[in-house]
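**Student:** Need a 3D model of the sequence below.
(chains A, B, C and D)
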2 protein chains.
Amino acid sequence: MISDDLKKVYIFTGLSDEELDELTKIVRPKTFKKGDIIFFDTEPYLGFYITITGLVKIYKISKDGREHILHLISSFNTFAEVPLFENFGEEFEDSFRYPANAMALEDDTKVILVPARKFRKLLENNIKICIKMISGFAKRLKHLNHHIEEITLKNVTKRVASFILTANKKDPQKLNGLPAITLNVSKNDLAAYLGTIPETLSRTLKKLQDEGMINVEGKNIKIEDIERLKDSAV
Amino acid sequence: MISDDLKKVYIFTGLSDEELDELTKIVRPKTFKKGDIIFFDTEPYLGFYITITGLVKIYKISKDGREHILHLISSFNTFAEVPLFENFGEEFEDSFRYPANAMALEDDTKVILVPARKFRKLLENNIKICIKMISGFAKRLKHLNHHIEEITLKNVTKRVASFILTANKKDPQKLNGLPAITLNVSKNDLAAYLGTIPETLSRTLKKLQDEGMINVEGKNIKIEDIERLKDSAV
DNA sequence: ATTTGGTTTTGACTTAAGTCAAAGGGTTCG
DNA sequence: CGAACCCTTTGACTTAAGTCAAAACCAAAT
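**Tutor:** Numbers count the residues shown, from 1 in each chain, chains lettered A, B, ... in the order given. This is a model prediction of the structure:
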């Protein structure tokens, strides 16, 4: 049920049932397979998306084919809202494009498209949604600030160590008593997210493992010496 | 006159005279000399700022002293708004910190501090300001996206070329008939903004000059061959 | 089970950009 | 005016991380 999904989306919490009904009528659910493109940055902007199930990567590609992942969007999070607000107040332009590429990273990735024009109307009359939108943007800005800081001021080893630590902090797993993480993306994608390439990521993980800080087994990484890993992260 | 300054600030355009008066009463103007710190990222968050005259750099420093500039804030633009919206709706926390460091880059840099709690109240009751705030954040997000793209997917030469071209596009100067730019920051700062170091920037400018694309004279850069410079930028 | 295709790792090599040290320039200030 | 300081440039050198190529690994699909 679409309206049940929408209720779980941060910016829509607090909407009345009528507002939700109205929203339900205008949104467009879509399903993608692993590797499917949701949009390219060359396409005209239709509206923003919500990931319902699965995982979506937002990424840019350089002229010579290198990829950099800006965000990974999991369930009930939104993406591609920024172009909604290019010259807000003015007429919405058909020339707006998506700001980056989006690809489904898992089979059965369900997303919901919220059309731009109609959502803008909703927003103009609902201060609650406005505030949520601001908070969402603030969070995203914080993330991007952090991302830039990581990539510009730290070498690959520090970025990898720091990634493992924050992933474990967000989702504190254990594997035979030790803190651990499970990658939800391929190592290729992780490399693109950390601003490096698969070969370098592989070597870096190996190095951290050889030094006894972590233990890598496929998509599972056990943290063997969290204190030294923390030292390596700054 | 403070209220005249405030009127020119994007998020406050459209405020009524009474609202402006009220705002004027709560803000705190400050003046800084070149090199003065406006805040460190370790300081408790008091509120956001507006640059009135001068120039402000927002930057991060790595453990070993390397600096990276995230934004350069010129007249009538705001900075450090993000922490206003950490857990919006909840009580404002005294533990919030500034997200980066801020330094005045020119003598007589005047800024206005808008205290957090009071501004939040204003915002909650004024959908116009909300919408402006969203638009401002959207613009900033766009900038950061672009910034990350530049730094992760381009080498220094492309970044420098691209910087010169966009600086000229924003402010299309001419110097004896040729398109030109005037740097408003030191080359040290420019290097930190472009994610590199002064030595590398210096060599890169020299290379572009030797190849006949630009001509560097102190803070003035003439574009001698814009087509080839464009080719070097992608 | 075997093929197929993608992902990950390893090795050998290259290179862009950083480090370190020193020399020029230019500006401000006593 | 000269000293002091910062900014910028240059040269010599190092190094982290990228490239290219091949092998190893793994999982889905026939």
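
**Student:** residues contacting the most centrally placed residue in chain A?
**Tutor:** Residue closest to the average C-alpha location in chain A (CA atoms, centre = their mean): residue A:72, at 2.4 Å. Residues near residue A:72 by CB atoms under 8 Å, 6 or more residues apart in numbering or on different chains: A:55-58, A:105, A:184-185, A:193. The way it works is simple: take the backbone N, C-alpha and C, and place the C-beta from them, glycine included.

**Student:** how about the strands in chain A?
**Tutor:** For chain A, strands defined by DSSP state E occupy the ranges A:28-32, A:37-39, A:47-53, A:56-61, A:67-73, A:78-79, A:101-104, A:109-115, A:173-175, A:178-182, A:214-217, A:220-223.

**Student:** could you dump those to JSON lines with distance to DNA strand C?
**Tutor:** Below are the strands of chain A laid out as JSON lines (distance: least, CB to the nearest atom of the strand, whole Å):
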{"stretch": "strand A:28-32", "distance to DNA strand C": "15"}
{"stretch": "strand A:37-39", "distance to DNA strand C": "14"}
{"stretch": "strand A:47-53", "distance to DNA strand C": "19"}
{"stretch": "strand A:56-61", "distance to DNA strand C": "12"}
{"stretch": "strand A:67-73", "distance to DNA strand C": "12"}
{"stretch": "strand A:78-79", "distance to DNA strand C": "21"}
{"stretch": "strand A:101-104", "distance to DNA strand C": "11"}
{"stretch": "strand A:109-115", "distance to DNA strand C": "15"}
{"stretch": "strand A:173-175", "distance to DNA strand C": "17"}
{"stretch": "strand A:178-182", "distance to DNA strand C": "12"}
{"stretch": "strand A:214-217", "distance to DNA strand C": "6"}
{"stretch": "strand A:220-223", "distance to DNA strand C": "10"}
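
**Student:** mind putting these in JSON lines, distance to residue B:13 and mean pLDDT included?
**Tutor:** Putting the strands of chain A into JSON lines (distance: least, CB to CB, whole Å; pLDDT from 0 to 100) gives the following:
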{"stretch": "strand A:28-32", "distance to residue B:13": "35", "mean pLDDT": "95"}
{"stretch": "strand A:37-39", "distance to residue B:13": "33", "mean pLDDT": "96"}
{"stretch": "strand A:47-53", "distance to residue B:13": "26", "mean pLDDT": "97"}
{"stretch": "strand A:56-61", "distance to residue B:13": "32", "mean pLDDT": "96"}
{"stretch": "strand A:67-73", "distance to residue B:13": "31", "mean pLDDT": "96"}
{"stretch": "strand A:78-79", "distance to residue B:13": "28", "mean pLDDT": "98"}
{"stretch": "strand A:101-104", "distance to residue B:13": "34", "mean pLDDT": "96"}
{"stretch": "strand A:109-115", "distance to residue B:13": "28", "mean pLDDT": "97"}
{"stretch": "strand A:173-175", "distance to residue B:13": "49", "mean pLDDT": "93"}
{"stretch": "strand A:178-182", "distance to residue B:13": "47", "mean pLDDT": "97"}
{"stretch": "strand A:214-217", "distance to residue B:13": "52", "mean pLDDT": "97"}
{"stretch": "strand A:220-223", "distance to residue B:13": "50", "mean pLDDT": "97"}
